[in-house]
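Q: from the sequence below, what's the structure:
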Amino acid sequence: MSAALVVADARFDKLSTVRSVIATGLAPVYWLGNAPSEFGDWFAGLFENKEDLQQENEDLKARLLILERRALKYAALASENNELRRLMNSSEVLDDRVIVGEVVGVSPDPFSHEVIINKGRSDGLRPGQAVLDAQGLMGQVVQTSQITSRVLLVSDSSHAVPVEVVRNGLRAILLGTGDTSTLELVHVPDTADIREGDLLVSSGLGGRFPRGYPVAEVSLINKEPGEPFVAIEAVPRAQLNQSRLVLVVFPPAITEDDVGNADAGAETSEEGEG
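A: Have a look, this model is predicted:
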């Protein structure tokens with residue numbers, strides 16, 4: 001019978017239905033036999049997945065912090081790039097040679113408006129050079145070391161800038177008040193033609209600041225009856241508390257031709273006196 005069943009199955013495929021029925025009936029037996037192993041793997045997987053999820057969560061948090069730091073850095077770089085562009089646009093309209101510096105420190109003295117920049121004698125800086133940001137005049141170099149310089153801001157109470165009104169050329173002196181948001185225009189007669197909103201630029205008198213740099217904008221005019229001068233307040237154009245990148249202006253270099261012309265003029269003057 002066994003041989004007959006084998007021949008019938010091999011030659012005529014008569015037992016496929018029987019095998020299918022038997023396999024279906026044995027399926028629960030197979031499942032029960034494999035259940036302990038499957039259950040063990042599933043139970044172990046619960047702890048492994050939890051640890052994996054915790055580790056993945058920590059990794060994602062760390063990556064998020066890294067990405068946030070990079071985003072902040074990119075935002076700072078974008079801001080610095082925009083500031084550099086504004087500075088370069090400002091330097092393009094200047095006739096004088098300039099160098100870009102960075103503010104690296106602020107004076108701790110509340111009564112002294114000074115900042116430290118990362119350029120010094122090794123970069124050719126000397127006391128008296130004008131310092132600007134992208135909007136206007138910030139101050140002047142008052143002390144230099146080999147790699148840094150101290151800059152006195154226009155808002156310092158000891159600082160003064162000769163200025164003129166762009167609209168009509170009226171000249172006056174602009175003093176610091178100890179307040180970074182307010183400057184004082186002094187010695188202006190009550191009959192002077194000056195208005196709120198007038199732009200004040202450096203006049204170049206005194207030779208300390210080159211002419212034509214924006215310094216401030218008139219914000220308040222107070223005329224007292226019987227007083228010969230008017231009280232005038234102005235707002236600095238430079239962002240004294242915010243600007244990080246600055247321009248240091250170099251005075252025009254004296255060439256050999258200028259020296260020769262000056263010597264020739266002196267000789268001519270001596271001959272004329274003789």
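Q: how about the strands in the stretch 51-200 of the chain?
A: Using DSSP state E, counting those that start in this stretch, the strands of the stretch 51-200 of the chain run over residues 97-106, 114-117, 130-132, 137-144, 149-153, 160-165, 171-179, 182-186, 199-202.
Q: pick the most buried one from those.
A: strand 130-132 (a mean of 25; mean count of other Cβ atoms under 10 Å). Where C-beta positions appear, they are placed from N, C-alpha and C, glycine not excepted.
Q: now tell me what touches it from outside.
A: Under the contact criterion Cβ atoms under 8 Å, 6 or more residues apart in numbering, strand 130-132 has outside partners 90, 101, 117, 137-141, 151, 202, 208-210, 213, 238, 246-249.
Q: any stretches of the stretch 101-250 of the chain with poor pLDDT?
A: Applying pLDDT under 70 to the stretch 101-250 of the chain flags no residue at all.
Q: and the strands of the stretch 51-200 of the chain: which comes nearest residue 54?
A: Relative to residue 54, the nearest member of those by Cβ to Cβ is strand 97-106, separated by 43.3 Å.
Q: got the contact list for the closest one?
A: Here strand 97-106 has contacts from 84, 87, 91, 114-119, 123-125, 131, 148-149, 243-250, 253, using Cβ under 8 Å, 6+ apart.
Q: tell me where this protein has helices.
A: Ranges of helices in the chain, per DSSP state H, are 2-12, 16-92, 256-273.
Q: least reliable of those by average pLDDT, please.
A: Here the lowest mean pLDDT among these goes to helix 256-273, at a mean of 43.
Q: residue 109 and residue 156: what is the separation?
A: 10 Å (Cβ to Cβ, to the nearest Å).
Q: quick one: residues contacting residue 128.
A: Contacts of residue 128 (Cβ under 8 Å, 6+ apart): 140, 141, 208.
Q: dump those residues to JSON lines, plus distance to residue 170.
A: Formatted as JSON lines, these follow (distance: Cβ to Cβ, whole Å):
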{"residue": "140", "distance to residue 170": "23"}
{"residue": "141", "distance to residue 170": "28"}
{"residue": "208", "distance to residue 170": "20"}
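Q: and which of the residues you listed is nearest residue 223?
A: Nearest to residue 223 among the contacts of residue 128, with distances taken as Cβ to Cβ, is residue 208, at 30.1 Å.
Q: from the contacts of strand 97-106, list just the buried residues.
A: 87, 91, 114-117, 119, 123, 125, 131, 148-149, 243-250 (16 or more other Cβ atoms under 10 Å).
Q: correct me if wrong: residue 137 contacts residue 240.
A: No. Using Cβ atoms under 8 Å, residue 137 is not in contact with residue 240, being 10.1 Å away.
Q: now for the two: what residues contact both?
A: residue 154.
Q: when residue 109 and residue 156 are compared, which one has more neighbours?
A: Comparing residue 109 with residue 156 by other Cβ atoms under 10 Å, the one with more neighbours is residue 156, at 22 against 8.
Q: check contacts around the more buried one.
A: 112, 113, 114, 139, 176, 178.
Q: any chance of those in CSV with distance to residue 228 as columns?
A: CSV is the format used below for these (distance: Cβ to Cβ, whole Å):
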residue, distance to residue 228
112, 32
113, 30
114, 34
139, 30
176, 23
178, 25
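Q: in those residues, find the pair that's most separated.
A: So, the contacts of residue 156 by Cβ to Cβ: farthest apart are 139 and 178, at 13.7 Å.
Q: overlap in contacts, those two.
A: 113, 156.
Q: neighbours of residue 53, how many?
A: Quick note: residue 53 (other Cβ under 10 Å) scores 10 neighbours.
Q: scratch that, residue 191
A: 7.
Q: cool, the one 5 residues further on as well?
A: As a burial measure, residue 196 scores 12 neighbours (other Cβ under 10 Å).
Q: which non-adjacent residue is nearest it?
A: residue 218 (5.3 Å; Cβ to Cβ, 6 or more residues apart in numbering).
Q: which strand residues bridge that neighbour?
A: residue 234 (DSSP bridges).
Q: I'd say residue 247 and residue 133 touch.
A: Yes. The pair formed by residue 247 and residue 133 meets the contact definition of Cβ under 8 Å, at 7.2 Å.
Q: ok, back up a step: measure the residue nearest to residue 196 to residue 125 for me?
A: From residue 218 to residue 125 the distance is 32 Å (Cβ to Cβ).
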